[in-house]
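Asks: Return atomic coordinates for the entry below.
(chains A and B)
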Amino acid sequence: MDLSSISPVLLVASIMVSATPILFAAIGELVVEKSGVLNLGVEGMMITGAVVGFAVAVNTESPLVGFVAAAVAGAVLSLAFGFLTQHLLSNQVATGLGLTLAGLGLSALIGKPYEGMKSPTLPKLDLGPLSDIPGVGKMVFSHDIMVYVSILLVAAVWAFLKFTRGGLILRAVGESHDSAHALGYKVVRVRMIAILFGGACAGLGGAYLSLVRVPQWTEGMTAGAGWIALAIVVFASWRPWRILIGAYLFGGVTVLQLNLQAAGAKVPVALLSASPYLITILVLVIISARGAHGAPASLGRVFHASN
Amino acid sequence: MNRRTLLATVAAATIVSTAAWADDAVTAGFIFIGPVGDGGWTYEHNQGRLAVEEAYGDKVKTVYQENVPESADAERAITQMALAGADIIFTTSFGYMDPTLAVAAKFPNVKFEHATGYKQADNVATYSARFYEGRAVQGHIAGNMTKTNKIGYIASFPIPEVIRGINAAYIHAKEVNPDVEFSVVWAYTWFDPAKEADAARALIENGADVVLQHTDSTAPQAAAKEAGNVITFGQASDMADYGPMPRVSSIIDNWGPYYVDRVGAVMDGTWTSGNTWDGIAPGMVGIGEISDAVPAEVKASALALKDSIASGEYHTFTGPLKKQDGSDWLADGETADDGTLAGMNFYVEGITADIPN
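Replies: A predicted model of the protein is given here:
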């Protein structure tokens, strides 16, 4: 086995690109779940973001406008989820699953005319001297802007939840919506904002897939990335920085298995292909065994002011 | 794809789901593995479908269904098409083999044509193209062009058709460049752009400066373009949008004449089952324009190779050749028979990887 052909620098760079879509979706879902809402529609919102982002980027020839449109599309779709679960008090699990199915179908319809087209891609950011550092420069400082946006977003969510009054209110709503309500906080409004944020993030993740990682539009192209994002939130025990670790770990294993194959490692291919999923399961088992879940206490529970 | 074709798709789906139509026109149905806009495999089958419409005008109707998985869903989709009154149904992926046979047994009056398979019945014919002839030309160009002596190959599933392609490309790359090495990545999918792009990147990062693909989307071309100094070949379709670099040539599947011929046979009642396996000579396999990125002398020798295959003077698998394990396969000057090729499940000598099972 000769693994010397795998370059660590390029490997890390690929991992960052490969992990960014799920990082976006997972950090959005983290905020949603922190507010006590379980939205299983991440996959649907992601793929809607992927197709809308692609379509807008092709028509305007600006990937950044595409990303904005994708965020808006994801948020609009999540609005439907929010309205059903927060105002009509529908079951969150069923509504979320419905959202995924609706998103997959809707995206196939919208995307029909865009199949086989090429999109304008996002240029790599030139960070001047940082990009010129040998090794590290190419590894970390020569990506497109969205990679950094995703990391900044993790930092922002962390700071928001930890240091701001708004973050405290969001967490209060997620831990005990009755107490939060008794203190006079608008539970439904806080949750709606969180749901919109989650939708926008999922949309960005989808657009990253169709505009940067592939870059192409294809029906069903998210191929389960939304579900991985959901698993990563649990994996991270609802903590922002662990989301980053989880997303990079998953992206890492995916890219690494292809690299091992390319380098001719004598490992069974089927095992390599399944390895990202096996690792996710393994980590979930370890976390469950430890007992400390860290899940918001009101997660998935329906709130109505009259209760 | 524009709105008109979208409407046509919707209309076709409606027709399929409602009932039989007037019997004066012959109806040809097509089952596709990917979207017709994949720019590769399914795109070319759809071009064949359009050629049928072009050739017979009002006398023929065509219907198709896209994105049919190679699972129980395939049987349902084929059955539905047969029930809706299709007279001949083309199932265009290897994995539709058993579903096609199963449905054909229930509809003895409907003709079935299964692409790339090997099981026939009275009303099931098989057809395929000798893609490996095109692979030989690609291997020849790849062996000449590589500077790192590493050629990446994105394979789909470990089936004879794919293994044949890897062997044909390897033999002809090795012939012109004894130092050449192949790294094969199995994607286990025909069509998943994200995975195909990741696989291409992994190969490139491992030093490959030529990427061959046996998957259907243009994603590897996009990845190679991004990388810069990497060449690729269009797969199934010309993929000319990616030329002159990274796409330096291509294998083009040309199904049109065969489809026109077979639908015509249904019309005049002369259709019989059989197995068609055509290559470069009859035009079922085309070699796309070799771009200027290829040096003139390489282009000339590649075209000479193509011509010698087309004229029948040279066979892609000509001995002496050994199997990967070192055992003899073909003696000097001996050529492989179609039976061995159709069931090929071994690498030739020199390829270092193992075929997954």
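
Asks: contacts and neighbour counts: CA atoms only from here.
Replies: Will do.

Asks: now the helix or strand hosting residue B:264, how far from the centre of its chain.
Replies: Using DSSP states H and E, the element containing residue B:264 is helix B:256-267. Helix B:256-267 sits 19 Å away from the centroid of its parent chain (C-alpha atoms, centre = their mean, to the nearest Å).

Asks: With stretch B:239-251 instead?
Replies: Counting by C-alpha atoms, centre = their mean, stretch B:239-251 is centred 17 Å from the centre of its parent chain.

Asks: which residues touch the residue positioned nearest the centre of chain B?
Replies: For chain B, the residue nearest the mean C-alpha position is residue B:236 (5.1 Å; C-alpha atoms, centre = their mean). By C-alpha atoms under 8 Å, 6 or more residues apart in numbering or on different chains, the residues touching residue B:236 are B:40-41, B:44, B:216, B:250-253.

Asks: Show only the entries of those found in helices.
Replies: Under the assignment DSSP state H, those contribute B:41, B:44 to helices.

Asks: can the contacts of residue B:236 go into TSV with extra columns for neighbour count?
Replies: Shown next, in TSV, are the contacts of residue B:236 (neighbours: other C-alpha atoms under 10 Å in any protein chain shown):
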residue	neighbour count
B:40	26
B:41	27
B:44	22
B:216	26
B:250	27
B:251	26
B:252	24
B:253	30
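
Asks: got a list of what the closest residue to residue A:135 other than its chain neighbours touches?
Replies: Spatial nearest neighbour of residue A:135, excluding adjacent residues (C-alpha to C-alpha, 6 or more residues apart in numbering or on different chains): residue A:9 at 6.0 Å. Contact analysis of residue A:9 by C-alpha under 8 Å, 6+ apart lists A:135-136, A:138-139.

Asks: neighbour-wise, which of those leads?
Replies: Neighbour counts for those peak at residue A:139, which has 20 neighbours (criterion: other C-alpha atoms under 10 Å in any protein chain shown).

Asks: ok, now how distant is it from residue A:10?
Replies: Applying C-alpha to C-alpha, to the nearest Å, the value for residue A:139 to residue A:10 is 6 Å.

Asks: residue boundaries of the helices in chain A?
Replies: Taking DSSP H, the helices of chain A run over residues A:8-34, A:42-60, A:63-82, A:92-111, A:129-132, A:136-140, A:145-163, A:165-175, A:177-182, A:187-208, A:225-235, A:240-262, A:269-290.

Asks: Run through who's touching the third one.
Replies: This means helix A:63-82. For helix A:63-82, contacts defined as C-alpha under 8 Å, 6+ apart pick out A:39, A:45-46, A:48-57, A:60, A:95-96, A:99, A:103, A:119-122, A:191-192, A:195-204, A:206-208, A:211.

Asks: could you redo the last one with a cut-off of 7 Å?
Replies: A:45-46, A:48-50, A:52-54, A:56-57, A:95-96, A:99, A:120-122, A:192, A:195-197, A:199-204, A:207 (C-alpha atoms under 7 Å, 6 or more residues apart in numbering or on different chains).

Asks: do you know how far residue B:324 is from residue B:354?
Replies: Taking C-alpha to C-alpha as the measure, residue B:324 falls 9 Å from residue B:354.

Asks: Any idea how many residues pack against residue 114?
Replies: Assuming you mean chain A. When neighbours are defined as other C-alpha under 10 Å, residue A:114 has 21 of them.

Asks: Can you look at chain B instead?
Replies: Each residue near residue B:114 was counted by other C-alpha under 10 Å, and the total is 27.

Asks: show me what contacts the residue lying closest to residue A:203 once chain neighbours are set aside?
Replies: Once flanking residues are discounted, residue A:203 sits nearest to residue A:49: 3.8 Å by C-alpha to C-alpha, 6+ apart. Contacts for residue A:49 (C-alpha under 7 Å, 6+ apart) come out as A:70-71, A:73-74, A:203-204, A:206-207.

Asks: Show me what stretch B:259-270 is in contact with.
Replies: Contacts for stretch B:259-270 (C-alpha under 7 Å, 6+ apart): B:26, B:48, B:51-52, B:55, B:271.
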